[in-house]
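Participant: Next comes the sequence, and after it the predicted model I'd like to discuss.
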Amino acid sequence: MKALASLRHAGRPRLISGLISGLSPGRIPAPILAMVLVAGIFLFAPFLPSLGDPNAIDLSQRLQPPGLNHWLGADPLGRDILVRLIHGGRVTLALALAAVVVGGGFGVLVGLIAGYFGGVWDRLLMRLTDMQMALPTLLLALLILAAAGPGVGNLVLILALTGWTRFARIVRGQVLSLRTRDFILSAQAIGATPMRIMFRHLLPNLVSPLVVVATLELARVILIEAALSYLGLGVQPPTASWGRMLAEGEVYVSTAWWVVTFPGLAIIAAVLAINLGGDALRDRLDPKRRHSA
């Protein structure tokens with residue numbers, strides 16, 4: 001009974017309560033608010049009916065500068081840049097989120113197995129992780145997409161494939177420090193299976209570092225997706241994408257600066273907001289950093 005009580009109380013994910021208390025109203029840092037604001041704008045704005053069709057072509061408005069009709073100007077086909085930016089942001093964020101979820105899920109599984117079982121499993125999985133990390137991300141993505149062909153599904157898989165290693169190493173390191181704690185030993189003593197221990201007792205205690213890693217990984221994936229779309233291997237026309245908008249407008253950079261300037265600024269703003277939000281989350285969720293500040 002004592003082991004059960006110890007397991008019930010000591011095994012509770014204290015980091016989750018720290019996450020909730022650290023982000024309670026009135027204590028949320030400005031970078032986190034900026035990150036949430038950017039995500040909210042691009043995720044929900046496309047559902048507003050007044051925005052219009054991002055693929056509506058109007059050659060009479062071709063390369064119109066910013067003004068009352070088109071607040072951020074029009075592209076070479078007369079499409080509204082503001083509308084395409086918002087819809088493209090939704091596409092970019094959706095792809096990035098899907099890639100982070102898929103890659104993060106696989107990386108968490110690898111890290112749990114390597115950290116909990118150790119021995120041969122740890123050496124094998126960590127060498128596989130090191131090999132993956134040694135490969136240039138963009139080059140690997142270019143090679144695979146050139147062979148498999150562009151497409152949303154392939155793009156998500158490639159982005160996930162190039163990002164799971166960060167989750168695996170973080171989770172493995174955390175599990176190594178947790179597996180000798182009393183609540184894990186108590187779970188083992190009462191006969192809990194390794195699967196139950198990993199997913200019921202270890203994983204909830206990894207929420208805080210995983211939230212930070214996922215946030216920073218999201219910014220990295222957005223940059224890679226923009227680069228691949230710019231090279232023609234990512235999102236395909238007529239679907240709007242920030243990287244694709246840069247590629248379509250690069251020949252007009254000297255005559256219609258707004259065609260490439262605003263997509264570039266959107267990428268910079270989104271990545272900067274997410275990175276600053278990730279840094280703020282790390283500072284808020286790490287007790288050592290919070291106390292030292």
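Facilitator: Yep, that arrived. Numbers count the residues shown, from 1 in each chain.
Participant: give the contact list for the closest residue to Thr255 other than its chain neighbours.
Facilitator: Leaving aside its chain neighbours, Thr255 sits nearest to Leu63 (7.5 Å; criterion: CB to CB, 6 or more residues apart in numbering). Heads up, the C-betas are built off the backbone N, CA and C, glycines and all. The contact partners of Leu63, by CB atoms under 8 Å, 6 or more residues apart in numbering, come to Gly73, Ala74, Asp75, Pro76, Tyr252, Thr255, Ala256, Val259.
Participant: For the last one, what is the enclosing helix or strand?
Facilitator: With elements delineated by DSSP states H and E, Val259 resides in helix 258-285, which encompasses its position.
Participant: next one: that helix to chain centre, how far?
Facilitator: Distance of helix 258-285 from the chain centroid (CA atoms, centre = their mean, to the nearest Å) equals 12 Å.
Participant: Can you tell me the closest non-neighbouring residue to Phe199?
Facilitator: That would be Leu112: by CB to CB, 6+ apart, it lies 7.7 Å from Phe199.
Participant: Quick check: pLDDT value at the residue nearest to Thr255.
Facilitator: pLDDT, the model's per-residue confidence, is 91 for Leu63.
Participant: For it, give its distance to Ile158.
Facilitator: Look at Leu63 and Ile158: by CB to CB, to the nearest Å, they are 34 Å apart.
Participant: thinking again about what came up before, of the contacts of Leu63, select the buried ones using a ChimeraX command.
Facilitator: Selecting only the buried members of those in ChimeraX, with burial defined as 16 or more other CB atoms under 10 Å, works like this:
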select :73,74,75,256,259
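Participant: any idea whether the residue nearest to Thr255 is helix, strand or coil?
Facilitator: Classification of Leu63 using DSSP: H, G, I helix; E, B strand; the rest coil returns coil.
Participant: got it, and the one 3 residues further on?
Facilitator: Three states are possible here, and by three-state DSSP the one that applies to Pro66 is coil.
Participant: re the thing from before, show me what the helix holding Val259 is packed against.
Facilitator: Using 3 or more CB pairs under 8 Å, 6 or more residues apart in numbering; DSSP states H and E, the elements in contact with helix 258-285 are helix 14-22, helix 30-44, helix 81-117, helix 207-230, helix 242-249, helix 287-292.
Participant: Mind listing what's buried along it?
Facilitator: In helix 258-285, counting by 16+ other CB under 10 Å, buried: 258-263, 266-267, 270-271, 273-285.
Participant: what's the answer for stretch 66-75, then?
Facilitator: So, applying 16+ other CB under 10 Å, buried residues of stretch 66-75: Pro66, His70, Leu72, Gly73, Ala74, Asp75.
Participant: Angles on the backbone of the first one, please.
Facilitator: The phi and psi values for Pro66, taken as degrees, to the nearest 10, are phi -60, psi 130.
Participant: wait, what's in contact with it?
Facilitator: Leu72, Gly73, Trp258.
Participant: so can I have TSV of the residues you listed showing pLDDT and distance to Gly103?
Facilitator: Listed next are those as TSV, based on pLDDT from 0 to 100; distance: CB to CB, whole Å:
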residue	pLDDT	distance to Gly103
Leu72	92	33
Gly73	91	36
Trp258	94	35
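Participant: out of those, who's nearest Gln174?
Facilitator: Gln174 has its nearest neighbour among the contacts of Pro66 in Leu72, at 43.9 Å by CB to CB.
Participant: Hmm, the closest one is touching Leu85, no?
Facilitator: Yes - the criterion here is CB atoms under 8 Å, and Leu72 meets it with Leu85 at 6.8 Å.
Participant: what sits in contact with each of those two?
Facilitator: Residues touching both Leu72 and Leu85 (CB under 8 Å, 6+ apart) are Phe262.
Participant: Next, find the distance separating Arg244 from Leu202.
Facilitator: Taking CB to CB, one finds Arg244 at 41 Å from Leu202.
Participant: swap in Thr129?
Facilitator: Per CB to CB, Thr129 is found 18 Å from Leu202.
Participant: Just want to know which of those two has more residues nearby.
Facilitator: Leu202 (26 against 21; other CB atoms under 10 Å).
Participant: check contacts around that one.
Facilitator: Per CB under 8 Å, 6+ apart, neighbours of Leu202: Leu112, Tyr116, Val175, Leu178, Arg179, Ile184.
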